[in-house]
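Peer 1: Below are the sequence and a predicted model; questions follow.
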Amino acid sequence: MPGSLALAFIVVSHSKISDEEALKAAQATEKVVVRSLEKAKVPGCSFIIVRGGKTIYESHVGNANLKGEKVGSTHLYPLSSLSKLVTAIVLLAIVDDGKINLDDYVRKYIPNFFIANETISSKFTVRDLVSHRSGLPHFIADSLWQAGYPREKIMNALRYVKDVSGFRKKYGYQNVIFGIVEDVMTNATGLTYEELLDKYLVSKMGLKNITAKPLHTEKSLLENFKYNYKQKGVWHAIKNIFSYKKADIVDTHSIYLKKTVTVPHTDYFQRMKATGGIGANLHDFGEILKMMLNKGKSGTTQIISERGFKEITSNQVNLSAIKESDYRFPVFRLRDSYYGIGSFNSEYFEKDGPEDSKTARIFFHMGGVCGVCTFFAFCPEEDVAMAAFCNLGGNGVTLFAEMITFDFLDRCLGFKEFDWIKFESDEIAKHDRRKIRWAEDLKNKKPGPHADIDKYEGTYTSDVYGNVKISKSNNGLVLEILDKKVRLTHHNANIFKFPMRDLCQNFLDRNEYVLFYMNKYGNFEEMLITNLSENNTTFKKLPAK
């Protein structure tokens, strides 16, 4: 399939539908992938379905990179937020071991833990960390993560959150809050996250292709040595030389100017390992799905207790606040939705006249940031599970993995044929139109020239983000933040723009904006950076020295 990426399928089961029906559904979905991959600009995709403790079908379509290397069963993908399920499994295994209780206060393990205010901070439990019920706005502090701030600064930013409502009642999806559970796990056990992953999951299940290391270190002996040296010193690094084996890694991609481009591997995910830092191949993730269908048991080994399995698949917080316009949760298929621990769950249904034609409870999770798109879903009553990995992704880029999983579920459950690929492309087009309208509104609102360039110069500060510097260049202004220098171009009046990719490790094809605010004396004393605006945070200009 020239010019495409890749795909793989696997299926496991026994129950209402037969293996033959599941196999037929997988083959039909594969045909959808083959004819849609190039149109969707997805380089490659691996798709897996499991039933009855065995793999029924596996297929790979497309390429691992833009050089044309075919994707296959050995290739590792960043799991992105599917890592949350892996973390939940390890956490519940530690709970089974008696070293953590889900209802312990976080401060038992992190004494200086603080979010927003003392009342919430003192009551915050381990369960609250991993169930998206903190009451905080969606994706709090993600802007620091994406801009490359160190973990310590990201955590400190939580002290300045102002918008807190609905603690333990309101759903708000979190990456940073969930990621704090890594500190709980390591402080409770004295082991690193990598060691916990190995002890409670990898070794017990005999998995060989799942890792919490940055994936670029798995492709280079030198990078692997440097990583191990940084983690535990020279002897640890030397010892690991002898066990090093170069891995097959997919390149990750995004869309820029309507073309698929490579996004280099970085340590982006590993700064929040528990929330998004796992890499795995299709086979090993398929084994995890088999274990989940078997209520926490892999072969004869109980990885997590049935009680732990029930926690993962529980109803910790209701998703009633999800907007009908959010196509990640299509309202014509998903209802009565909750988040448990590391997994969503919804009733998957088809409306046929006054009554539903079929329904099934599914457990699922999506991942889609920084060059990848991943998704899994398992349905205990049909004893069937599927995961799809694609090496193209990012917010507003694609939900290809999710769409083909829904396609498979529809076919398994006997729903009417639905064009999920067209549905997604239509929704992406709406998203793109909204971006264009936003830029046009900024351009057309009180249009005018910029002020004297010298007036913008200076150092601006924010409690959340720290100091940034605005300086003059030959062609306009430069924003200096962390170790980056971002060139600003004039957009309208006192509004300047820059490509988000210049500041954000989550490569996105859009502009962000810097808005300068003038006081009554004609001086600029404040500015807003649109993608660094947690709780509408602005940067105050410091007096010149």
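Peer 2: It's in.
Peer 1: contacts, neighbours, all on C-alpha from now
Peer 2: Fine.
Peer 1: mind listing the helices for the stretch 151-300 of the chain?
Peer 2: Assigned by DSSP state H, counting those that start in this stretch, the helices in the stretch 151-300 of the chain fall at 151-157, 176-179, 181-189, 193-197, 203-205, 221-232, 234-241, 273-276, 282-293.
Peer 1: Can you give me the buried ones in the shortest one?
Peer 2: Taking 16 or more other CA atoms under 10 Å as the neighbour-count basis, helix 203-205 is seen to contain the buried residues residue 205.
Peer 1: again, but for stretch 206-214
Peer 2: Buried-residue list, stretch 206-214, by 16+ other CA under 10 Å: 207, 209-214.
Peer 1: how about CSV for the residues you listed, with pLDDT added?
Peer 2: Formatted as CSV, the buried residues of stretch 206-214 follow (pLDDT from 0 to 100):
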residue, pLDDT
207, 96
209, 94
210, 95
211, 93
212, 93
213, 87
214, 83
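Peer 1: Now the two most distant members of those residues.
Peer 2: By the measure CA to CA, the buried residues of stretch 206-214 have their two most distant members at 207 and 214, which lie 17.7 Å apart.
Peer 1: Let me see the ranges of the helices in the stretch 401-545 of the chain.
Peer 2: Assigned by DSSP H, counting those that start in this stretch, the helices in the stretch 401-545 of the chain fall at 420-444.
Peer 1: so where's it shaky on pLDDT?
Peer 2: 507 (pLDDT under 70).
Peer 1: Try it again at 80.
Peer 2: 438, 445, 475, 505-509, 545 (pLDDT under 80).
Peer 1: And the stretch 251-400 of the chain, by the same measure?
Peer 2: For the stretch 251-400 of the chain, the ranges with pLDDT under 80 are 321, 324, 352-357, 369, 394-396.
Peer 1: can you give me the strands for it?
Peer 2: Here the stretch 251-400 of the chain has its strands, by DSSP state E, counting those that start in this stretch, at 252-256, 259-263, 279-281, 297-298, 301-302, 317-318, 334-339, 344-352, 355-367, 373-379, 384-390.
Peer 1: contacting residues around the fifth one?
Peer 2: This points to strand 301-302. 204-205, 296 (CA atoms under 8 Å, 6 or more residues apart in numbering).
Peer 1: What pairs with it, parallel or antiparallel?
Peer 2: Partners of strand 301-302 in the sheet, by DSSP bridges, are strand 297-298 (antiparallel).
Peer 1: Can you give the distance from the partner strand to the centre of its chain?
Peer 2: Taking CA atoms, centre = their mean, to the nearest Å, one finds strand 297-298 lying 26 Å from the centre of the chain it belongs to.
Peer 1: Mind listing residues that contact it?
Peer 2: Strand 297-298 is contacted from outside by 205, 287, 290-291, 303-305, using CA under 8 Å, 6+ apart.
Peer 1: Among the residues you listed, which pair sits farthest apart?
Peer 2: Across the contacts of strand 297-298, the longest distance by CA to CA is 16.8 Å; it joins 287 and 305.
Peer 1: And those two? Which one has more around it.
Peer 2: residue 287 (20 against 17; other CA atoms under 10 Å).
Peer 1: Rounded mean pLDDT for the one helix or strand residue 49 maps to, please.
Peer 2: Residue 49 belongs to strand 44-51 when assigned by DSSP states H and E. The predicted model assigns strand 44-51 a mean pLDDT of 96.
Peer 1: what angle sits between that strand and strand 373-379?
Peer 2: Orientation of strand 44-51 against strand 373-379 (axes from the mean of the first three to the mean of the last three CA atoms, to 10 degrees) gives an angle of 10 degrees.
Peer 1: shift numbering so it begins at 41
Peer 2: New numbering, starting at 41: the last item is strand 84-91.
Peer 1: so what does strand 84-91 touch, helix or strand wise?
Peer 2: The contact analysis (3 or more CA pairs under 8 Å, 6 or more residues apart in numbering; DSSP states H and E) places strand 84-91 against strand 94-102, helix 322-333, strand 424-430.
Peer 1: Give the buried residues for the second one.
Peer 2: Put plainly, it is helix 322-333. By 16+ other CA under 10 Å, the buried positions in helix 322-333 come out as 322-333.
Peer 1: partner residues bridging residue 536?
Peer 2: Counting by DSSP bridges, residue 536 is bridged to residue 530, residue 554.
Peer 1: quick one: it from residue 473, how far?
Peer 2: Note on residue 536: its distance to residue 473, by CA to CA, to the nearest Å, is 21 Å.
Peer 1: Check residue 215 too.
Peer 2: 27 Å.
Peer 1: Check residue 349 too.
Peer 2: Distance of residue 349 to residue 473, computed by CA to CA: 42 Å.
Peer 1: more neighbours, these two?
Peer 2: The neighbour count for residue 349 versus residue 473, taken as other CA under 10 Å, is higher for residue 349 (23 against 11).
Peer 1: So that one sits against residue 334, correct?
Peer 2: No: judged on CA atoms under 8 Å, residue 349 makes no contact with residue 334 at a distance of 9.5 Å.
Peer 1: Make TSV out of the buried residues of helix 322-333 and add distance to residue 386.
Peer 2: TSV is the format used below for those (distance: CA to CA, whole Å):
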residue	distance to residue 386
322	24
323	26
324	25
325	21
326	21
327	23
328	20
329	17
330	20
331	20
332	16
333	16
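Peer 1: Quickly check the residues you listed for the two that are furthest apart.
Peer 2: Farthest pair in the buried residues of helix 322-333 (CA to CA) is 322 and 333. Separation: 16.4 Å.
Peer 1: From what I see, residue 483 and residue 532 are in contact.
Peer 2: Yes: with contact defined as CA under 8 Å, residue 483 counts as touching residue 532 (5.4 Å).
Peer 1: neighbour count winner among those two?
Peer 2: Higher neighbour count among residue 483 and residue 532: residue 532, with 18 against 15, using other CA under 10 Å.
Peer 1: Please list all residues in contact with the more buried one.
Peer 2: Counting by CA under 8 Å, 6+ apart, residue 532 touches 482-484, 487-490.
Peer 1: How much space separates it from residue 112?
Peer 2: 49 Å.
Peer 1: pretty sure residue 216 contacts residue 176?
Peer 2: No: assessed by CA under 8 Å, residue 216 is found out of contact with residue 176, at 11.2 Å.
Peer 1: residue contacts, residue 282?
Peer 2: Not one residue lies near residue 282 by CA under 8 Å, 6+ apart.
Peer 1: So what pairs up with residue 509 in the strands?
Peer 2: Residue 509 has the following beta-bridge partners by DSSP bridges: residue 499, residue 520.
Peer 1: What is the burial count for it?
Peer 2: Here the number of neighbours of residue 509 (other CA under 10 Å) works out to 17.
Peer 1: CSV please, covering the contacts of strand 337-338 and showing distance to residue 576.
Peer 2: Shown next, in CSV, are the contacts of strand 337-338 (distance: CA to CA, whole Å):
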residue, distance to residue 576
245, 46
327, 43
330, 44
331, 43
343, 44
344, 42
345, 44
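Peer 1: and which of these is nearest residue 463?
Peer 2: If you rank the contacts of strand 337-338 by distance to residue 463 using CA to CA, residue 330 comes first, at 29.9 Å.
Peer 1: Tell me, how many residues neighbour the closest residue to that closest one other than its chain neighbours?
Peer 2: Nearest residue to residue 330, sequence neighbours excluded (CA to CA, 6 or more residues apart in numbering): residue 93, at 5.6 Å. Residue 93 sits with 21 neighbouring residues when counted by other CA under 10 Å.
Peer 1: Same question for the one 4 residues further on.
Peer 2: One way to gauge burial is a neighbour count; for residue 97, by other CA under 10 Å, it gives 20.
Peer 1: between the buried residues of stretch 246-254, which is nearest residue 136?
Peer 2: Of these, the one sitting nearest to residue 136 (CA to CA) turns out to be residue 247, at 20.6 Å.
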